[in-house]
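Engineer: Sharing a model that was predicted from the sequence below.
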Amino acid sequence: TLHRRALLRERMSSMFSRLAVWRSRGQESTGGSIAGMIHNNLISLISKGNGVYVYGGVGIGKSLLMDIFYETAPTTKKRRVHFHSFMLDVHKKAHILQCSPGYTGDPMRTIGLLLARETSLLCFDEFQVTDVGDAMVLRRLFDTLLGQGVVFVATSNRPPDDLYANGLNRDFFLPFIDLLKARCIVYDLEQGRPAVDYRRNHDGNVSGLWYVGHGQSVEQMQKTFEAISRTKVEEANATKVPLMLGRELAVEHAASGVAWVRFEKMCSEKLGSSDYLALAERFHTIFLVGVPPLTLENHDETRRFIILIDELYEHRCRLVLSAQTAESPDELFQLHTKAEMEQMEAAAQAHEMSERERKAAEAMAAEDLQGRTERLGVKFKKRHHMASGSGDVAALRELSALKDLAFACHRCTSRLIEMQSLDYHDIAKSHPAAAVDESYCLFPGDPRNAN
């Protein structure tokens, strides 16, 4: 709730006010909680440019705690960003550098040095590595950032050793994990306790935000659109949202900071995080029509839908949604059942041992080959590769990808539930588009309308 958030912010502010006392006395407080962890390591965190890596399940408070840390950190040179968006920006800057005439340096080092000039604290939400392009550059980038004294704070659903699990050429990524564990305080927020999704615990909901089927449901959505935008859907003009690289995103109907869009347009076309970001910044309220059951058969659309919801949630947009069949957010995603997941995991674990044995045998053969070739005066170069056509590796990769998708679906469901709450709608008033919209108002289904 907002009260809990304000209380935690007050406690964090108090910690920073006592920093000078701790520094002079050389004392550190103790405790097994996340607050105690920050107490214990605050001085070294700020003075030595180390980091904190917090991981755990969905809705247990990782982002909330990081946000409070960010808001109360005693520096203006700070940046809070979703990790996926950050890496998109890094690759964009790297491309510009590589295309610059006469540039011959290391783009990751250059970008790291530039970031270090602008930022002393970097806070990353949803730190995960699934892209081989990200995996290959993270060590060089963060080696530069941490070497320049930048404080690195991240939340993730995975412990460091599970990042980029079973990814292509993962051997090249392992030095980054070593760097992360050497320079960061790693904290498991669950600590073996059953995870609690606090997004499901709130003081009340706004009704009329989730519709099912066609016909009457769409008519009700249209009435809600009219009540919020003061314009009928059919009279609201189409508009285009400018995107990167000169592209545009067509919005079917828009009026007074409210957009009416269809699932097939938003999630069936090749759109990405930066495109949804532009949509979220432009409109304070989104009506999304015709969301089908989200399964592995339409996994591309499923992933885009998750990214869309992530951007809307991060920017505190209000959402009205119509689903083809799902009666609630809990019924929207239809992936593997729990029994099927357990069966796949057991099979992958059985394969894992044979994979380790294969790698060990390869390493021994490589060392023997290196010794024999060096005696002949031939320079030996180790090759890092994945076994071609290995069913074991394919099974592990499939399981890892499915686990990532399952977690993303779980997080998305949790966020969709919170986006219907009164607390979320209180925060949504801070959206920049809402601030300039004189007609911005509560939804008809908001119980506070009766007051």
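Structural biologist: Right, received. Where do you want to start? Numbers count the residues shown, from 1 in each chain.
Engineer: drop to CA atoms for contacts and neighbour counts, all remaining ones
Structural biologist: Will do.
Engineer: For the residue nearest the centre of the chain, give its distance to Arg79.
Structural biologist: What sits nearest the mean C-alpha location of the chain, by CA atoms, centre = their mean, is Glu126, with 3.2 Å. To Arg79, Glu126 is 15 Å away according to CA to CA, to the nearest Å.
Engineer: got it, and Lys62?
Structural biologist: On the measure of CA to CA, Lys62 and Arg79 end up 17 Å apart.
Engineer: More neighbours: which of those two?
Structural biologist: For Lys62 versus Arg79, neighbours defined as other CA atoms under 10 Å are more numerous around Lys62 (21 against 14).
Engineer: Surely the residue nearest to the centre of the chain and Arg158 touch.
Structural biologist: No. The criterion here is CA atoms under 8 Å, and Glu126 misses it with Arg158 at 9.5 Å.
Engineer: list the residues that contact both of the two?
Structural biologist: Residues touching both Glu126 and Arg158 (CA atoms under 8 Å, 6 or more residues apart in numbering): there are none.
Engineer: Tell me where the stretch 101-250 of the chain has helices.
Structural biologist: Secondary structure of the stretch 101-250 of the chain (DSSP state H, counting those that start in this stretch): helices at 107-118, 132-147, 174-183, 216-229.
Engineer: For the first one, C-alpha coordinates in PDB please.
Structural biologist: Included here for helix 107-118 are C-alpha records, laid out as PDB according to Å, rounded to 0.1, in the frame of the first residue of the first chain:
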ATOM      1  CA  PRO A 107      32.700   0.500 -27.700                       C
ATOM      2  CA  MET A 108      31.900  -1.000 -24.300                       C
ATOM      3  CA  ARG A 109      34.700   0.700 -22.600                       C
ATOM      4  CA  THR A 110      33.900   4.000 -24.200                       C
ATOM      5  CA  ILE A 111      30.200   3.700 -23.300                       C
ATOM      6  CA  GLY A 112      31.200   2.700 -19.700                       C
ATOM      7  CA  LEU A 113      33.400   5.700 -19.300                       C
ATOM      8  CA  LEU A 114      30.700   8.100 -20.700                       C
ATOM      9  CA  LEU A 115      28.100   6.600 -18.300                       C
ATOM     10  CA  ALA A 116      30.500   6.900 -15.300                       C
ATOM     11  CA  ARG A 117      30.800  10.600 -16.000                       C
ATOM     12  CA  GLU A 118      27.100  11.100 -15.900                       C
END
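Engineer: where does stretch 325-332 sit relative to the chain's centre, distance-wise?
Structural biologist: 22 Å (CA atoms, centre = their mean, to the nearest Å).
Engineer: That stretch spans what distance, first to last residue?
Structural biologist: 8 Å.
Engineer: What lies in contact with it?
Structural biologist: 210-213, 292-294, 323, 413, 416-417.
Engineer: Keep only those of those that are in strands.
Structural biologist: 210-212, 323 (DSSP state E).
Engineer: ok, of the residues you listed, which one's closest to Val137?
Structural biologist: Ala323 (39.7 Å; CA to CA).
Engineer: can you tell me how far the closest residue to the closest one other than its chain neighbours sits from Glu301?
Structural biologist: Nearest non-adjacent residue to Ala323, counting by CA to CA, 6 or more residues apart in numbering: Val291, 4.5 Å away. Here Val291 is placed at a distance of 10 Å from Glu301 (CA to CA).
Engineer: can you check Arg411 too?
Structural biologist: For Arg411, the distance to Glu301 equals 16 Å [CA to CA].
Engineer: now swap in Pro329 and tell me
Structural biologist: Taken as CA to CA, the span from Pro329 to Glu301 is 16 Å.
Engineer: which one of the two has more residues nearby?
Structural biologist: Legend: neighbour count by other CA under 10 Å for Pro329 and Glu301, higher for Glu301 (23 against 16).
Engineer: related to what we said a few turns ago, let me know the distance separating the residue nearest to Ala323 from His95.
Structural biologist: 36 Å.
Engineer: cool, and Leu114?
Structural biologist: 15 Å.
Engineer: now Leu271
Structural biologist: For Leu271, the distance to His95 - CA to CA - is 20 Å.
Engineer: With neighbour numbers in mind, choose between these two.
Structural biologist: Set Leu271 next to His95 and count neighbours by other CA under 10 Å: Leu271 wins out with 16 against 12.
Engineer: Tell me who's in contact with the residue lying closest to that one once chain neighbours are set aside.
Structural biologist: Spatial nearest neighbour of Leu271, chain neighbours left out: Arg304 (7.3 Å); criterion: CA to CA, 6+ apart. Residues near Arg304 by CA under 8 Å, 6+ apart: 266-268, 271-272.
Engineer: Go through those residues and name the one nearest Leu422.
Structural biologist: When these are compared against Leu422 (criterion: CA to CA), the nearest one is Met266, at 26.5 Å.
Engineer: Kindly confirm my reading that the closest one is in a strand.
Structural biologist: No. The assignment for Met266, made by DSSP: H, G, I helix; E, B strand; the rest coil, is helix rather than a strand.
Engineer: Assess the claim that Thr295 and Thr302 are in contact.
Structural biologist: Yes. Between Thr295 and Thr302 there is a contact at 7.0 Å, judged by CA under 8 Å.
Engineer: Looking at those two, which one has more neighbours?
Structural biologist: With neighbours defined as other CA under 10 Å, Thr295 and Thr302 compare such that Thr302 has more, 23 against 15.
Engineer: what about that one, distance to Ser268?
Structural biologist: If you go by CA to CA, the gap between Thr302 and Ser268 works out to 9 Å.
Engineer: Then Pro159?
Structural biologist: Here the criterion is CA to CA. By it, Pro159 lies 32 Å from Ser268.
Engineer: ok, these two, which is more surrounded?
Structural biologist: Set Pro159 next to Ser268 and count neighbours by other CA under 10 Å: Pro159 wins out with 18 against 15.
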